[in-house]
Each structure stands twice: as C-alpha cells, then as structure tokens.
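In: only geometry, no sequence info:
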C-alpha cells in the first residue's frame, strides 16, 4: 500500500510510523518545512521525502492531510487535484464543517472523507511521533453525501489498521461534540488561569501555590496558540454556543451554592460524579462481534448514510466489508458490531432506512 | 512531644504517621467511628486509641482536628475546653472564615490557630495514609488577632516538622483564594460533565468517548459529595462570587471567539499559557535562607500580625524562632526567608509595622 502524508509533525509523523510498521505501507512525506521533513526521514516516519504535494501524492492510494486547520481547505483541494482517480484523501483536523463546506461543488469530493483522531500528546513535533499514538483511540470519520462507499470502506480499514477505532459521524455533529468535550474545556482552562492570576496578584506581589485540582483543571490552558486560534475560529459558532450554555449552568450552580443547602449541593455533587463515571466508562463494556449483512444500492453516499445512521443510534461499527455485485447496480455489505444488543439495534436502523439485512450466525 | 489527632481519615492518619516518624511524637487518636480508629492503630497512625475527645487531648501539647468542615466548630470548641492551658489546637479544614468566626468570644481562642494543608489524594481513608503526604506542600495557617505568638510559633514549627511549608494568611483571604484556585475548578468540572452528558445524550443513545483534555479538566467532578457539600456551603459567598467572575470572563471569551479574529484569539491563548506557567512556577525559584531579627512587644497577636503582613507582601517565612525576654514585656524574633530580595522586602514590611529589625549576616 502506498500512502502520502502531507505535514509530518507529531500526528502526521505518527501516521507515517504506524502505516509503515503496522500496515507495511510505503510512505511518501511532504512538509513545507524542509528541516522537519528531513527529521521525519531520520526517525523513519517516511520512506521518501517529496519536494511538492503533487510528487508526494502522485502514486498514493491514501493521502493524509495533517496540516493546521486553517491550511486544510487549500491542501485537501491540492491533494485531490494532484492524486489519482482511485486515491482517497482524508485529513486529521479538529474541526470538520468548514473543511467539508469548502469542497462543495468539487467533482473530486467523492474521494474525500474528513477524519479526526482523538489522540495527541503534550509534546509536538515529529521527534515525538510514535507508531502507537492511535492505539485504541477513537478516530472520527465524517463522510458527507458526496463521499464514495468504496472510498469510505478503504479509509476505515486503513484507520483500523493503524490501531484506531473509526466511527462515522456527520461533520456538524462532530463539531458540536468537539465544542462540548474538547474546545469548551480549553476555553474554561484559559478562563480559570486568567481569573486565578488576577485574584492572586491582588492578594500579594508574588503568586502563592495552586493545588492539584487547579493543575489538572488548567492543564490545557494556553495549548499551542497557533493551532488553537485556528480551531476556535473554525468552530466559532459551536464553541460560543457551548460557552453560552456553560454560563447558564454556572449561574444555576452559583444560585444553588448561595442557598447554603448542603443536602441539595451534595446531590448535585453526587450527580456530577456519576455523570463523569458514565462518560468515561461509556466505551469500556463491549460484547462479542456480530456480523450484519445488508444488500444496498451501489450509489455514492450509501455507505456514509448507513454509517451515520448507526452512529446516531449509538452503534459502533467495529469493522466493515463491501462486496459490489458484478453489474455494480447493487452490493452486499457486512458490518461488524459489538454484542447482541448493538446488532439488534443496527438491524432495526438499517431496516428503517429501507435496506434488506440479516444478522449472520456466529462471528 | 504528645499530639492528639481527632478524626483519623486520610489527612488525620497521615498527620499521625508523619508526627510519629518525623517528629518522634506520641500520638493519641480519636474517631467517632470505632472501626476506623482500629484501622488507624493497625497501620501505625496512632499510638493510642482514645474513647473520647477529652481522653485524646488530655495530655496533648498539639491537637489536630481533622473532621469534615461542618463538624469543626463543635469539635474545636470541645478540644479547647478539654485540653490543657498550654495546648495548641488547630484544624485541617478547607475553609477557615466560618470556623474562626465560631470562636468569637471564646476565652481559649488564644490557643487556636486554623490550618489547611494543600495536600490530599484521590483515595480517602486511613488505609491510604502516608507519612510523606505533606512533604513540600503548602500548609496555610490562619492566626487571627486573638491567636498567641508562642502558640503560632509552636504550631508552624510542628507543621514544618511534618515536612510541609507553613504560611500565614488571614482567614478571609484564604477562603477567597481557595474559592479561586480550588472551589471554582471543582464547580466548573461539575458543569462540564453535566453539559457533556446532556449534549452527548442528545446525539445518540450511547455516550461516545471523551478525549484527554476532558478527562483532565473534569478529574475533580463529583469529588466526595459530603465533604464538598460542606466546603461549598461554608464558603458559599466567596465561591458564588468567583462563579460570577468566571461567567463574566466566559462571556468575554465567547465574544472574542465569535469575532473569528484568529490573531486576537491566538494572543489570548498565548497569554493564558504564560499565566499558567507563572502560577505553577511561582514557588520553584528560591534563594538561600536569610535571617531577619526583630524586637517586638510581647503581646497576643504580634506574631500573627507580622506573619500576615509578610504573607500579604508575598514573603514566605521558611522558619521562625521566638526568644521572649526575661520580663516578658518584649521579645526577639528571628524569621528566615528565601533570598536577598525577600529579606529586603521583609525588612521594609516590619519597619513599616514599627518594629526594630535587621538582616543577620550569613545563614
């Protein structure tokens, strides 16, 4: 398999390492910074250092665009234009709506599927790239109606091969979710730090220590300013809306605390603990894999449609296979999901979409 | 040295262990729960298990009240009433104003000095007690005007002996500081968790994963409901005021982000990172110890007055010694502070208070 990685920092470099070691792929790398590209070669993240985007993607079956969010619309368009007709192009940006919208009307959009791995590290740079950066991590994929089913299948298979767990989600939902579970925590960390600095500097000329709860809550404050300025800007509506919601909840919390009603405050505290437990444990309980066999029309968007509907229903697709019929008018699709409950839910969802489907016996 | 510990959970048990091993003290323990007291004996946190508060404090020179915040006013009053006239009584509660106010008019208040170690662990209970729980940790002391100087000196010496770094601060400032750097982060963690749960459950029947930034930012969500209900209630005015301030800052952040001005957002992000760095590094750079020699009137409150003034000026007292004059009308005091800059600042502060003082040569 031939892969191109455009932008070889921590994430791009880790994709290169994982693709070479886990998929046995040959990786062509490109980076606008020649020194970074050389380091990527040195650490074995790429096999070949390409001088241009076009050179990197020329023979690639799969192209990862791993540039800052702001640069992605241009880079993805370039990659689509320069790559072959069978090449799948994806990205690793933290926001997806603006990028997806930028491809409206691009005839090559059938070959683009947005992506976002929930993985990273404190330490940026290809020097810190690891082939296990994505091991077990959720990797969101955001196929839109224009995305091809074969392309989606190839991409999700490669993502699983890198060690991650792909899941389809529509771009708008993705951006709203990220605003809640990632962008808002970053905003709040900044606010806590500003507020502590102001309060503490009013008390004394030097700043006293802060405790462990402050350290944890503010760990992401001021994270990479260039990257985060892009993310906040690209996802500004969703982030601002989440802030508005947080403001409402904080007002309610202040009101509750002002009452001095320790029993009610204790209940609130207890509920928060239980909610966090549910959120963090959501992914831990899984059943044995079950196979769902579908017959579907062979048209663009069909795979995305099924994957998104299952994602909305909370069903996680662990693996997928497509078997186009000889005349290409219809195809068979197999989906593997975890446990009987998910299999039953998935069956109901695909029936509702009007597809014929059965649950296969055994794995 | 004989010490009493009233309440032998994680903090009380760790005080017992540290007092026995680091101070060579004999420790009498009391706990309303006999099973917990037995475990404290088993793990070596106390030498003797007392059946009542009075029995525990009877011969103690120093009494630590380590009960939940709500129970402290009663427990401290009992400890003062039952202990000898030379015994110093302190506590380890997370809020100080209500407790201090509860002792107004108590003639034994000269022997009480509030305390609050910035130490703890995820895992409560005397089974998790450690003799190094306070090693290097800030331990706030909140002497008020009624507190005795000899008593303060004895207490701060014992605290330093446990491995912690005592610092004087007035109760109101302490509670406001804690609202900013500890209680507000706990409130915000709860709000983030509530909000994520609501948002995510709107998207699908099951909850998708959350990333590392969410895990960190919400680590303290739902922390021990009984303890935190007490803390939020005891410090309700300061916590609610901090929430109000956070709301204003969040509104400003939403406004900034809505503009989509990536350069301005980047500056904000950069400032937050720098502020966090300053906050976390505040305590790291220290100079060699310098000794400040003072002559002061020998009256109640004098030590607290000096310690508080230095605390307000950002000067950290690393060690202290009192030398009362024979006729007890005046006394000499030595204070050790870190580095020349702090020594000069301390000198200015005590001169301003009207005391004669010099910086001694060498350490």
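Out: Received the coordinates, thanks. Values in this document were obtained by computation on a predicted structure and should not be read as measured data.
In: so how many other residues sit close to residue A:258?
Out: Look at residue A:258: counted by other Cβ atoms under 10 Å in any protein chain shown, it has 16 neighbours. C-betas here are computed from N, CA, C, even on glycine.
In: Could you do the one 4 residues further on as well?
Out: Residues lying near residue A:262 (other Cβ under 10 Å) number 21.
In: isn't it right up against residue B:229?
Out: Yes - shown here, residue A:262 and residue B:229 form a contact pair, counting by Cβ atoms under 8 Å, at 4.4 Å.
In: quick one: low-confidence parts of chain A?
Out: For chain A, the stretches flagged by pLDDT under 70 are A:120-123, A:200-212, A:281-289, A:298-300, A:318-331, A:361-363.
In: What are the structural domain limits within it?
Out: With domains defined by automatic domain parsing, chain A comprises A:2-169, A:174-281, A:289-359.
In: Indicate which one of the ones you listed is closest to residue B:335.
Out: Minimum separation from residue B:335 across those (Cβ to Cβ) falls at domain A:174-281, 16.4 Å.
In: what number of residues lie near the residue of the stretch 101-250 of chain A found nearest chain B?
Out: Chain B sits closest to residue A:222 of the stretch 101-250 of chain A, with a gap of 2.2 Å, by Cβ to the nearest Cβ. For residue A:222, the neighbour count with other Cβ under 10 Å is 21.
In: Identify the residue spatially nearest to it, adjacent ones excluded.
Out: residue B:273 (2.2 Å; Cβ to Cβ, 6 or more residues apart in numbering or on different chains).
In: what's downstream of the helix or strand hosting that neighbour, the next helix or strand?
Out: For residue B:273, the host element (DSSP states H and E) is helix B:262-281. Using DSSP H and E, the helix or strand that directly follows helix B:262-281 along the chain is strand B:289-297.
In: what separates the helix or strand following that following strand from the chain centre, distance-wise?
Out: Downstream of strand B:289-297, the next assigned helix or strand under DSSP H and E is helix B:302-312. Helix B:302-312 has its C-alpha centroid displaced from the chain centroid by 16 Å (Cα atoms, centre = their mean, to the nearest Å).
In: which secondary structure elements does helix B:302-312 contact?
Out: Secondary-structure packing of helix B:302-312 (3 or more Cβ pairs under 8 Å, 6 or more residues apart in numbering or on different chains; DSSP states H and E): helix B:149-161, strand B:165-168, strand B:289-297, strand B:317-324, strand B:330-338, helix B:339-352.
In: So the residue nearest to residue A:222 sits against residue A:226, correct?
Out: No - the pair residue B:273 / residue A:226 is not scored as a contact, 11.7 Å apart, by Cβ under 8 Å.
In: Comparing these two, which residue is more hemmed in?
Out: residue B:273 (20 against 13).
In: Which elements pack onto the helix or strand residue A:195 falls within?
Out: Element membership for residue A:195 (DSSP H and E) is helix A:184-203. Applying 3+ Cβ pairs under 8 Å, 6+ apart, one finds that helix A:184-203 contacts helix A:212-217, helix A:225-234, helix A:236-259, helix B:171-178, helix B:184-203, helix B:212-217, helix B:236-259, helix B:262-281.
In: neighbours around residue A:157, how many?
Out: 16.
In: again with the one 10 residues further on
Out: By the criterion of other Cβ under 10 Å, residue A:167 has 23 neighbours.
In: isn't it right up against residue A:312?
Out: No - in this structure residue A:167 lies outside contact range of residue A:312 using Cβ under 8 Å: 11.1 Å.
In: list the contacts for the closest residue to residue A:139 other than its chain neighbours?
Out: Here the nearest residue to residue A:139 in space, its sequence neighbours aside, is residue A:164; by Cβ to Cβ, 6+ apart that works out to 3.9 Å. Residue A:164 makes contact with A:117, A:119, A:134, A:135, A:136, A:137, A:138, A:139, according to Cβ atoms under 8 Å, 6 or more residues apart in numbering or on different chains.
In: Which among those residues count as buried?
Out: A:117, A:119, A:134, A:137, A:138, A:139 (16 or more other Cβ atoms under 10 Å in any protein chain shown).
In: hmm, who's touching the helix or strand containing the last one?
Out: With the criterion set as DSSP H and E, the secondary-structure element containing residue A:139 is strand A:138-142. Strand A:138-142 is touched from outside by A:90, A:96, A:100, A:113-119, A:152, A:155-156, A:159, A:162, A:164-171, A:174, A:283, A:307, B:208-209, with contacts defined as Cβ under 8 Å, 6+ apart.
In: rerun at 7 Å
Out: The contact list for strand A:138-142 (Cβ atoms under 7 Å, 6 or more residues apart in numbering or on different chains) reads A:96, A:100, A:113-118, A:155-156, A:159, A:164-171, A:174, B:209.
In: Tell me which strands it pairs with, and in which orientation.
Out: The strands beside strand A:138-142 in its sheet (DSSP bridges) come out as strand A:114-117 (antiparallel), strand A:165-168 (parallel).
In: Columns distance to residue B:343 on top of those, output as TSV?
Out: Output for the strands paired with strand A:138-142, formatted as TSV (distance: least, Cβ to Cβ, whole Å):
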stretch	distance to residue B:343
strand A:114-117	53
strand A:165-168	59
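In: nearest to residue A:68, of these?
Out: Nearest to residue A:68 among these is strand A:114-117 (13.5 Å), distances taken as Cβ to Cβ.
In: Now do the closest one: distance to the chain's middle.
Out: With Cα atoms, centre = their mean, you get 4 Å for strand A:114-117.
In: Centre-most residue in chain A?
Out: Chain A has residue A:116 as the residue nearest its centroid, 2.3 Å off, counting by Cα atoms, centre = their mean.
In: list the contacts for that one?
Out: A:92, A:93, A:94, A:96, A:140, A:174.
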